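Undergrad: kindly return the folded structure for what I paste below:
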Amino acid sequence: MGNFLKYVAATVVGILVCSIICLFFTVISVIGMASSGTVSVPKNAVMVLKLNGSISERAEESPLSALLGAVNQDQMGLDNLLRAVRNAKENDRVKAIYIETSSFAGASVAQLQELRQALVSFKESGKPILAYGDVFTQGAYYVCSVADSLLVNPEGMIDWKGMAVQTVYYKDLLDKLGVQMQVVKVGTYKSAVEPYLMNEMSDANREQIETFSGEIWNQLVTEVGQSRDIDAQTLNALADTSMLFQPAQAYVKAKLADRLAYSDEVPGVLARMIDVKSPKNYETITASDLAQVAAKQPKGTSGKTVAVYYANGNIVEQAASGLSGGAEIVGSTTVDDLLKLADDDDVQAVVLRVNSPGGSAYASEQIWHAVEMVKAKKPVVVSMGAYAASGGYYISSGANLIVAEPTTLTGSIGIFGMFPNAGELITEKVGVHPQTVKTNQMADFGDITRPMTEGERQQMQAYVDRGYELFTKRCAQGRNLPQDSIKQIGEGRVWTGEHALKIGLVDQLGNLDDAIAAAKKLAGLENATVLCYPAKKDILSQLLDEASSTGSYADRKLRDALGEHYDLVNTLTHLNRRPSVQAIMPCQYIFF
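TA: This is a model prediction of the structure:
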């Protein structure tokens, strides 16, 4: 028996030693892969931009994905895509951009609009763009329509059908479970709570959705029409017929595409576009590699810095553990980061890149205060991404200048509180009977096994009213408008960036580059280095983090699999992590 235990112990020790050795060599190999290979731009280069997978706000490198052989080089952050297109415009070795699309899961309209604007700027340099695809989703077609020549496979498809917005309602499901959501709110249009209380859309919610979706669709129609030389009436008529299942020849006839071609014809077309004899006379470089080249270019030598701080995701008070549920703006972390930027003498201006539907009202107030602390020392410019709504607008409102994309969803100035009453589920359906003994009348406030009393509801309403009063006060201070005016355009209503400009919620329309240029102007800078924050972790830290929790890796795979439905699933699975009082827009919209 003693020998047996010795053998077992020796085996266990051997396995542990081998595991440590394997981990060591794995870490070394990953670091080696990351640091090896210097990318250079070949002469007569064509940048290949593949619209596959999905686009996130920032590039998400994953060593664990690399180890598992799951890296998809075509899936990039918007920051890297813009960096690549910008470098392609400025680099004399790059002669053209080739966009290829097939299984594009999607991105927000504002992200696609910013990418498209970069491509328009690239064309202004006199360099051509060629687009080819087997299947163009509507989002992919919107981007690809900017091309000088758009080719579609003879058996390919172009999706052009208009925009639909779907909100999912759960009241019947909650009734069957025996759960009642107890809600207090401020704002006629504050419809984030509707799905828990109703089975159909309210008139106010339908009104705001019809307005902003119509404005977004008109943006797409206008831009596609300008690029393809098709009038808006014709594009809407084509959308009414749903072009997806039309024969490919119909796309050429309708001027949505220039010609039909198989993929093997693309190299020859590219050669003719850049005026070389054959495909052998040019080389391709991926957008990922070109972004890497751009990132390694020498920075400015002025010693002056514009900091771009990414505030991306739901606003929360504490970071998630395990499965992350997507990007988050953690209140305390963001406050610390912003205060460091305020105290950094090398940072002359801060661009706060906001891409958030909101979240915790408390965390939003703390971040707003931190922005004020930064603004007291240096200019702060907000660049709005896909969303800067509710809490996302709260943290933006105090900036010296707010820049939004025309299709940004913003506003949603309102607050609500929500507590579940699961008494029926717990007592009647599960058969558990909790008994409470309390010393004071409201000692068990928030108990999910019973409904709120009228006194509790009144106190909760008063608390939410005070929160709305503070929210509108902050917006009025930041926008230099009467508080009553903010309340009139508040009420929880969601606006597009285009509309927000007209009512004074934003200062100008534009993208991140425009916001950076504005920050430089406010700070009196002609030459400055642009640095992005929060700083990304080094590859070893990423590997150790992902080795301890596969949450971020699993979340990326879930996002890739669900595409536009990801936000809905994320909302449902993380309800229990939300604070009781929130400043958040309805984030379960699904755009088609």
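Undergrad: per-residue confidence at Gln75?
TA: On pLDDT, Gln75 comes in at 60.
Undergrad: same deal with Val380?
TA: Here the pLDDT value assigned to Val380 is 98.
Undergrad: ok, now which ones touch it?
TA: Val380 makes contact with Ala349, Val350, Val351, Leu352, Val371, Val374, Gly398, Ala399, Asn400, Ala519 under the criterion C-beta atoms under 8 Å, 6 or more residues apart in numbering. (C-beta placed from N, C-alpha, C; glycine too.)
Undergrad: so how far is Ser242 from it?
TA: Distance, Val380 to Ser242, using C-beta to C-beta, to the nearest Å: 45 Å.
Undergrad: check contacts around the closest residue to Val494 other than its chain neighbours.
TA: Excluding the flanking residues, the one nearest Val494 by C-beta to C-beta, 6 or more residues apart in numbering is Ser412, at 4.9 Å. Residues in contact with Ser412 (C-beta under 8 Å, 6+ apart) are Tyr189, Lys190, Pro357, Gly358, Ala389, Ser390, Tyr393, Gly492, Arg493, Val494, Ile584, Met585.
Undergrad: is it true that the fourth one touches Gly313?
TA: No - using C-beta atoms under 8 Å, Gly358 is not in contact with Gly313; the gap is 10.4 Å.
Undergrad: comparing these two, which residue is more hemmed in?
TA: A direct count of neighbours by other C-beta atoms under 10 Å for Gly358 and Gly313 places Gly358 higher, at 29 against 21.
Undergrad: show me what the more buried one is bridged to.
TA: Bridge pairing for Gly358 (DSSP bridges) gives the partners Ile584.
Undergrad: quick check: it vs Thr410, distance?
TA: 10 Å.
Undergrad: so what sits against both of the two?
TA: Common contact partners of Gly358 and Thr410 (C-beta under 8 Å, 6+ apart): Ala389, Gly392, Tyr393.
Undergrad: contact partners for the second one?
TA: Taking C-beta under 8 Å, 6+ apart, we find Gly392 in contact with Ala311, Ile315, Val354, Asn355, Ser356, Pro357, Gly358, Met384, Thr410, Met585.
Undergrad: now Leu339
TA: Listed by C-beta under 8 Å, 6+ apart, the contact set of Leu339 reads Ala370, Met373, Val374.
Undergrad: now, of those residues, which are buried?
TA: Buried members of the contacts of Leu339, counted by 16 or more other C-beta atoms under 10 Å: Ala370, Val374.
Undergrad: let me know the closest of the contacts of Leu339 to Asp231.
TA: Nearest to Asp231, judged by C-beta to C-beta, of the contacts of Leu339 is Val374 at 46.5 Å.
Undergrad: in a helix, Tyr310, correct?
TA: No - counting by DSSP: H, G, I helix; E, B strand; the rest coil, Tyr310 is not part of a helix but strand.
Undergrad: doesn't Lys536 make contact with it?
TA: No - here Tyr310 lies out of contact with Lys536, judged by C-beta under 8 Å, at a distance of 10.2 Å.
Undergrad: these two: which is more packed in?
TA: Set Tyr310 next to Lys536 and count neighbours by other C-beta under 10 Å: Tyr310 wins out with 23 against 13.
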